[in-house]
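J.: 3D model of this:
(chains A, B and C)
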Amino acid sequence: MKLLSTSSITKKFQGLVAVKEIDMFIKKGEIFGLIGPNGAGKTTLFNMISGYYRPDGGKVIYKDEEITGLSPHKICKRGLARTFQIVKPFGKLSALENVMVGAYNRTGSYGEATDIALHYLDFVGLSHTRNIPVKELTIGDQRRLEMARALATRPQLLLLDEVMAGLTPTEVSMVMELILKVREDSVSILMIEHIMAALMKLSDRILVLHHGEMLAEGTPEEIVRNPKVAEAYLGEVDMFADHK
Amino acid sequence: MTGVAILQATVDGLLMGGVYAVTAVGLTLIFGVMEIVNFAHGALMMLGMYITYWLCTLFGINPYLTIPISVVVLFSIGFLIQRYLLNQIIKAPQHNQLLLTLGIMLFIENLALFLWTPDTRSIQIPGLEKSIMLGELAINKPKLFAFVIALVVTVILYIILRKTTLGRAIRATSQEREGACLVGIKVRNINAVAFGIGAACAGVAGSIILPFFFASPTVGGVFLLRSFVVAILGGLGNFWGALVAGLIIGLSESLSGLFLSGSWNDLVIYGIFILVLFLRPTGLFGGGQVSGSH
Amino acid sequence: MGHTKSIFRSKFNMLYFGLFFGLILVALPWGLNTYYLNLVIMAIFGAYLSQCWNVMSGYAGQFSFGHAVFFGLGAYTSTVLFVDFGVSPWVGMIIGSIVACLVGLLIGYLSFRYHLKGHYFALATLAFAEIFRVIFTNWPFVKGSMGILLPLTGKPTQMQFENKVYYYYLILIITVLLTGFLKYISKTRLGLYFIAIRENEDAADALGVDILHYKLIALGISAALTALAGTFYAQYFYYIDPHLVFGSEVSINAIIPAIIGGVGTVWGPIIGSLVLMPISELTRTLLADYSGMNLMVYGLILMIVIIYLPEGVMGFIQNHFPTKKHIDIELQTGKEDIESETPLN
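T.: Residues are numbered from 1 along each chain as shown, chains lettered A, B, ... in the order given. Down below sits the predicted model:
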């Protein structure tokens, strides 16, 4: 079942075409990877799917309903959540309160929101930070907090924007486990990631973007063997490096 | 409404527009480099007025000769304000900077009130009372001088920004603070200099207005809002925009004064302000950098 | 076991303290002479005005530099209705509130719809305040710059009290109610959403918070409440004019106490007003001959606070004395833990 699909989605910025007519879809239960050299249009695509940019052409369909051009909060209400490449914590609030903001998406009750928030804080392993103002947390913790926050809105699809960037190898492993756990919790995932090994291991399917266009699409094995992909990435990243 | 009246209003409007332009250029320079909206700008202009007033009244110096002194004093004040006050909160959220300049404005305005009483002051310059007549058109001499000087100052500023090392440093800092830092530009000092220049612009504006206006501690407030309107209309940070916008606002004010009485005129200006803020906050010409280019 | 006892004791203590303090507040005005009573009323008034501003600018982070708009609309609506149409200011106050709220929603809708933020929004509010000031200065129906003198009737049904003590109770009650309201919403979705919008609008959007909707709510509440202060002012001083109620001094007075006490905190504006009042009076009495010293000192204080104490008094307290109450994480339910000290206070 197609959870999310885009058809011919396009975005231009003052004459520059950042994303050009991308068709893609994500199946329910999938972990879908989105890769491409810097500037390929990955975050732009994310932003269009999550409502931060209005597409200049094409459609976004989520759960069989069109969500093209809807504002972010409306999209969130429909069950699509995201994290940000540069974390956006509510600095002065505690970790628990941060997640509660997400939890309030599904309930208006303080008690319920607290329960949901505690659950997801625990889910990502941050229970011990619940009363700490998040501006005091490490970047790794802030990343996981953002995931908890997004999950608290109870989405069916979670968009992760380079959630592993800048993390230590241990932290990367933790996040990888977390992502699998999220999938087990019936949340599909669309993730942008530069840490190739992690992405290859996690993804069921991958879309490669280059200069805003689709370069290749398929399973990790197919992508790895694709000469066009290797060419695009030449000098950028060693796809075969083993991050343990 | 005779053609002459309209022409007269046009001329007066353009002349005044030059003055608005030079105040706004200072404001826009400050914003372009530091992203600070300087609420104290009007108060600084008021200081320029008083400098000219006292030098003229106490020592009989020709008001136009006091301009260099006004420039130097206001530049120093501006430099110090930035270097020792605003610089402390350079990393703070935007509204804190607004509040700080607000505090500075309150302080300066009321210090002036304390020192010089609320009395309005004006000066009379022999020889400047009569206007130049061009047919039926009366060109008010002080206004004309103000316009010319404003233009000269703007051109000088342009030259500084474009042709000197300092100017390049200022432009670089306004475009890319971190990059500027990396290439060895002392950003802290540049910020202070830029603010000083902005303050000096306000000072010049004050000095050139005094001959045909009056000084009072609270007069800055009126000009402050005008300066904001002009700076935003021209695009915050856009040098030439401020110039053109100054003329536009001067004209609008003058022409609407033909049809509207008293402070209804102000409404036109504020109305323009609101419209610009909503419809085109980046200004008529877009928020350019302080590079002097279009 | 011992821990539960100590919580019980501290809650008990708080109740005692609260009652004691409440008693003082109630009895206070009777022991003061006119001069001090006026001071206290003005201090509470200042706290109230700033608290209204705080709802929108402190909590929801939409800094307004033109709150005089709502103040003036409240003052003029109730006053004109009273003086020209004999409507009781109690009713006029409500109507004034509604008027201010509607105007606020209009301003807000236009501003937020066009994504005005930060200094652009602040300047827009400033412009609106000035526009109204100019309109009212030139509008014969409201007597223009002459202002309106309220008739002295001394009737409580017309919100006039011969004994000033009742003005004290009036302003005290609405301030207490407002503060209580703020304390209450800090535990609700509304309050948390406000803060989320302030802290990071984009993130809040992605979490399902309807930004426009909640900003408007904040603005509407703030506007309506500020209007009440306008009516109070008119009823207390018996005279209003456009400069007094739409002027920038009102907007500035709405902002400064909150900044000093701590923007976005429940007690900030109150503390700020309590700090400013004696300073302001001292300045006035010591330097009575010199006009403007008051504001000059305000400017100085503002500068000092912004540079050295940007989070105000409350911020300083929260940063340096985090509450030790609920650090024990072995309590059964996590919920008790949550009631600990967070910036929502």
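J.: Secondary structure element for the residue nearest the centre of chain A, which one?
T.: The centroid of chain A falls nearest to A:Leu160 when counting by Cα atoms, centre = their mean (1.6 Å). Using DSSP states H and E, A:Leu160 sits within strand A:157-161.
J.: so where's chain C shaky on pLDDT?
T.: Residues of chain C that meet the criterion pLDDT under 70 lie in C:1-11, C:288-291, C:322-345.
J.: and what of chain A?
T.: Applying pLDDT under 70 to chain A flags residues A:234-244.
J.: tell me which parts of it are close to chain C?
T.: Applying Cβ under 8 Å from any Cβ of the partner chain, one finds that chain A approaches chain C through A:50-52, A:71-74, A:76-77, A:81-82, A:84, A:88-94, A:96-97, A:100-102, A:104-105, A:108, A:110-111, A:113-114, A:118, A:128, A:130-131, A:133, A:149-150, A:152-153. The C-beta positions use only the backbone N, C-alpha and C, and glycine is treated the same way.
J.: Excluding residues flanking it in the chain, which one is nearest the residue nearest to the spatial centre of chain C?
T.: Nearest residue to the geometric centre of chain C (Cα atoms, centre = their mean): C:Gln51, 2.2 Å. Closest residue in space to C:Gln51, ignoring its immediate chain neighbours: C:Pro269 at 4.3 Å, by Cβ to Cβ, 6 or more residues apart in numbering or on different chains.
J.: Could you list the low-pLDDT ranges of the stretch 101-250 of chain B?
T.: Within the stretch 101-250 of chain B, the stretches with pLDDT under 70 are B:177-178.
J.: So which residues make contact with stretch A:20-30?
T.: A:1-10, A:32, A:41, A:45, A:57-58, A:156-157, A:183, A:186, A:188-190, A:204-205, A:207, A:209, A:211-214, A:217 (Cβ atoms under 8 Å, 6 or more residues apart in numbering or on different chains).
J.: Kindly format the C-alpha coordinates of it as CSV.
T.: This file holds the C-alpha atoms of stretch A:20-30, laid out as CSV (Å, rounded to 0.1, in the frame of the first residue of the first chain):
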residue,chain,number,x,y,z
LYS,A,20,12.6,18.6,-11.0
GLU,A,21,9.6,16.4,-11.5
ILE,A,22,10.3,13.7,-9.0
ASP,A,23,8.1,10.6,-8.9
MET,A,24,8.5,8.4,-5.9
PHE,A,25,6.5,6.5,-3.4
ILE,A,26,6.9,4.9,0.0
LYS,A,27,5.2,1.7,1.0
LYS,A,28,3.7,1.2,4.4
GLY,A,29,6.2,-0.4,6.8
GLU,A,30,9.2,0.7,4.7
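J.: what lines up beside the strand holding A:Leu160 in the sheet?
T.: Strands that pair with strand A:157-161, judged by DSSP bridges, come out as strand A:80-82 (parallel), strand A:188-192 (parallel).
J.: follow-up on the earlier one: can you name the element that comes right after the strand or helix carrying the residue nearest to the centre of chain C?
T.: Per DSSP H and E, C:Gln51 falls inside helix C:34-53. For helix C:34-53, the following helix or strand on the C-terminal side (DSSP H and E) is helix C:68-85.
J.: For the residue in the stretch 1-150 of chain C positioned nearest to chain A, which residues are in contact?
T.: Per Cβ to the nearest Cβ, C:Gly61 is where the stretch 1-150 of chain C lies closest to chain A, at 10.7 Å. Residues in contact with C:Gly61, defined by Cβ under 8 Å, 6+ apart, are C:Phe194, C:Ile197, C:Arg198, C:Glu199, C:Gly264.
J.: give me the number of residues near A:Leu4?
T.: Per other Cβ atoms under 10 Å in any protein chain shown, the neighbour tally for A:Leu4 reads 23.
J.: The longest helix along chain A - contacts with which helices or strands?
T.: What stands out as the longest helix in chain A, according to DSSP state H, is helix A:169-184. Helices and strands touching helix A:169-184, by 3 or more Cβ pairs under 8 Å, 6 or more residues apart in numbering or on different chains; DSSP states H and E, are strand A:31-35, helix A:139-151, strand A:188-192, helix A:196-202.
J.: Tell me the bridge partners for the residue nearest to the centre of chain A.
T.: A:Leu160 forms beta bridges with A:Met191, as assigned by DSSP bridges.
J.: Okay, it and B:Cys181: tell me how far apart.
T.: Applying Cβ to Cβ, to the nearest Å, the value for A:Leu160 to B:Cys181 is 33 Å.
J.: before we move on, back to that, turn the buried ones among the residues of chain A next to chain C into a named PyMOL selection, would you?
T.: Buried subset of those, written as a PyMOL selection, criterion 16 or more other Cβ atoms under 10 Å in any protein chain shown:
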select buried, chain A and resi 50+51+52+71+72+73+76+77+81+82+84+88+89+90+92+93+94+96+97+100+101+102+104+105+110+113+114+118+130+131+133+149+150+152+153
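J.: Which ones among the residues of chain A next to chain C map onto strands?
T.: Mapping the residues of chain A next to chain C onto strands (DSSP state E) picks out A:Ala81, A:Arg82.
J.: And the helices in chain B, which stretches?
T.: Remark: helices assigned in chain B by DSSP H are B:3-34, B:41-59, B:67-80, B:94-116, B:141-163, B:165-175, B:177-182, B:187-209, B:219-234, B:239-259, B:264-279.
J.: who's in contact with C:Ser111?
T.: Going by Cβ under 8 Å, 6+ apart, C:Ser111 touches B:Phe278, C:Phe121, C:Ala124, C:Thr125.
J.: The residues you listed into a markdown table, with extra columns for secondary structure, neighbour count and distance to C:Arg189?
T.: Formatted as a markdown table, the contacts of C:Ser111 follow (DSSP: H, G, I helix; E, B strand; the rest coil; neighbours: other Cβ atoms under 10 Å in any protein chain shown; distance: Cβ to Cβ, whole Å):
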| residue | secondary structure | neighbour count | distance to C:Arg189 |
| --- | --- | --- | --- |
| B:Phe278 | helix | 16 | 30 |
| C:Phe121 | helix | 26 | 24 |
| C:Ala124 | helix | 25 | 28 |
| C:Thr125 | helix | 27 | 26 |
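J.: Many thanks, I have nothing further to ask.
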